[in-house]
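Chemist: quick one: sequence and predicted model below, then my questions.
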Amino acid sequence: MGKVTTFCILSGCTPEIPSTLPHIFEYSPSQLQPGPLVLEALRVILDEDERRGQEDITVIGAIHADGEPFSDDPDGFGEDEVEAVADSDIRSISHCTMGETWDMGDVESRYTGQSYRISYGCCMMVQSASLAIMPLATNGRLTPQRLWRLAMRQGLGFPTDSYGLYDVDYGEVDKEREQFPACIPGLSDEYVIALEALGDLDAIQRTIIHDGKFWIWMTPDRFPLEPTSHDIPLSLITLASAKAISKIELLPLELLTHLSVCTTLPALFALASASQTLRTRILGCDAIARSWIQMNAPWYIPVPSSVHELDQTYTTKNKQARWDVWGESEMAVNMNWAYLRRCLNSGSMRNRGRIWKVIQNIERVADQAGV
């Protein structure tokens, strides 16, 4: 049968990337070996938090209260069996990990050692960080129960060649889901090794993450909260003469903010470059950046770890608590232009935006299927 490769049906990612990345040059056809800067860049990119985030798995399935799966039938989990499962018996087992039989399609609980077959059957696997996005992206409408029933409706209870849900666009990760997925699919091994010539650790990291497309595997919850040396304050410049002021420059701040959030960032930056006054009024106003994030990129709004804890239960009571905490996080973080810039440069946030849209796509498919 060979190696079984299983992907998260929410993100399209696989948790095996962290265990593969350190060995990508061992079987490279190139005789060259990476230099110290490239090796350090890979080490920094795949730090302990990144490894832990990618490898943390939640099992969703028909599972008894004692943690035992409903079935381990090698032939699969059929339609009649699915219909007999009550929503209360569709449970989420958090903090699972790849065990010794991962290559056979199994994971195991970190705490009980219980094994779950997740390549097919009555259980499936999602990365925990992606599961935490699901209630936020769908306002709580897509639950683990609906997700499981959609997967079973599509036949994922039986052995299949599919690496995810049907009719769902997984974005940039879609064509990278193979039996042996490439860790840095955008660049050849030779090109990665040649990055040593850049002589700059940050530049090498950025190239691997973005040009090398490593971002498609990254944990989607590493919010760039801390200021960096690249956060250059905007100089507030005023015009010396009022003759150059146009009508749009005289708009009240509330109306200018409304217009700004209704456009794309390139268009907004183009508007800001039209004059010094507009540059100051738009890029010098953090309220516009905050409003733009809330309207156009809500996935950038930081989520405290307490929200992730609430998402494990999905009760009605916790739903309101989740929104309360999420709202508080908006107030606690200064979502200004510097923060937005850090998000745009973050591989984690880039992947978070992709997964957010995938989950909304999954909800659409579930609605159309009547699940």
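Modeler: Ah, there it is.
Chemist: and the strands in the stretch 51-200 of the chain?
Modeler: Ranges of strands in the stretch 51-200 of the chain, per DSSP state E, counting those that start in this stretch, are 57-62, 90-98, 106-109, 115-117, 123-127.
Chemist: mean pLDDT, distance to L187 and mean neighbour count added to those, as TSV?
Modeler: (Each C-beta comes from the backbone N, C-alpha and C, glycine too.) TSV is the format used below for the strands of the stretch 51-200 of the chain (pLDDT from 0 to 100; distance: least, C-beta to C-beta, whole Å; neighbours: other C-beta atoms under 10 Å):
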stretch	mean pLDDT	distance to L187	mean neighbour count
strand 57-62	97	28	25
strand 90-98	95	26	20
strand 106-109	95	30	21
strand 115-117	95	35	22
strand 123-127	96	24	26
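Chemist: so which of those strands gets nearest V371?
Modeler: strand 90-98 (12.2 Å; C-beta to C-beta).
Chemist: that closest one versus strand 57-62: what angle between them?
Modeler: For strand 90-98 against strand 57-62, the angle by axes from the mean of the first three to the mean of the last three C-alpha atoms, to 10 degrees is 140 degrees.
Chemist: now do strand 90-98: distance to the chain's middle.
Modeler: Between the centre of strand 90-98 and the centre of its chain there are 18 Å (C-alpha atoms, centre = their mean, to the nearest Å).
Chemist: and S162, what does it touch?
Modeler: Applying C-beta atoms under 8 Å, 6 or more residues apart in numbering, we find S162 in contact with 154, 156.
Chemist: how about the helices in the stretch 101-250 of the chain?
Modeler: Remark: helices assigned in the stretch 101-250 of the chain by DSSP state H, counting those that start in this stretch are 128-137, 144-153, 189-194, 201-206.
Chemist: those: which one's closest to R43?
Modeler: For the helices of the stretch 101-250 of the chain, proximity to R43 was assessed by C-beta to C-beta; helix 201-206 is nearest, at 10.2 Å.
Chemist: after the closest one comes which helix or strand?
Modeler: helix 253-261 (DSSP states H and E).
Chemist: returning to that earlier point: can I get the helices of the stretch 101-250 of the chain in TSV with mean neighbour count?
Modeler: As requested, the helices of the stretch 101-250 of the chain are arranged in TSV below (neighbours: other C-beta atoms under 10 Å):
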stretch	mean neighbour count
helix 128-137	24
helix 144-153	22
helix 189-194	18
helix 201-206	17
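Chemist: looking at these, which is nearest to Q360?
Modeler: Checking these against Q360 by C-beta to C-beta gives helix 128-137 as the closest, at 5.5 Å.
Chemist: helices or strands up against that closest one?
Modeler: Counting contacts by 3 or more C-beta pairs under 8 Å, 6 or more residues apart in numbering; DSSP states H and E, helix 128-137 packs against strand 57-62, strand 90-98, helix 144-153, helix 305-310, helix 316-332, helix 347-369.
Chemist: ok, 7 Å please
Modeler: strand 57-62, helix 347-369 (3 or more C-beta pairs under 7 Å, 6 or more residues apart in numbering; DSSP states H and E).
Chemist: specify the angle between it and strand 90-98 in degrees.
Modeler: 150 degrees.
Chemist: quick check: mean pLDDT of helix 128-137?
Modeler: If you average the pLDDT over helix 128-137, you get 96.
Chemist: same question for stretch 201-219.
Modeler: 97.
Chemist: what's the first-to-last distance across that stretch?
Modeler: Using C-alpha to C-alpha, to the nearest Å, the gap from the first to the last residue of stretch 201-219 comes to 21 Å.
Chemist: ok, stretch 273-287 next?
Modeler: One end of stretch 273-287 to the other measures 18 Å (C-alpha to C-alpha).
Chemist: stretch 336-355 too?
Modeler: OK, stretch 336-355 end separation, C-alpha to C-alpha: 23 Å.
Chemist: can you give me the buried ones in it?
Modeler: 336-343, 346-355 (16 or more other C-beta atoms under 10 Å).
Chemist: that older thread, for G105, which of the helices of the stretch 101-250 of the chain is the nearest?
Modeler: Closest approach to G105 among the helices of the stretch 101-250 of the chain (C-beta to C-beta): helix 144-153, 14.6 Å.
Chemist: mind exporting that closest one as CSV, just the C-alpha atoms?
Modeler: Only the C-alpha atoms of helix 144-153 are listed here, as CSV (Å, rounded to 0.1, in the frame of the first residue of the first chain):
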residue,chain,number,x,y,z
PRO,A,144,-17.4,20.1,14.0
GLN,A,145,-20.6,18.1,13.7
ARG,A,146,-21.6,19.6,10.4
LEU,A,147,-18.0,19.3,9.1
TRP,A,148,-17.9,15.6,10.0
ARG,A,149,-21.3,14.9,8.4
LEU,A,150,-20.2,16.7,5.2
ALA,A,151,-17.1,14.6,5.0
MET,A,152,-19.1,11.4,5.5
ARG,A,153,-21.6,12.6,2.9
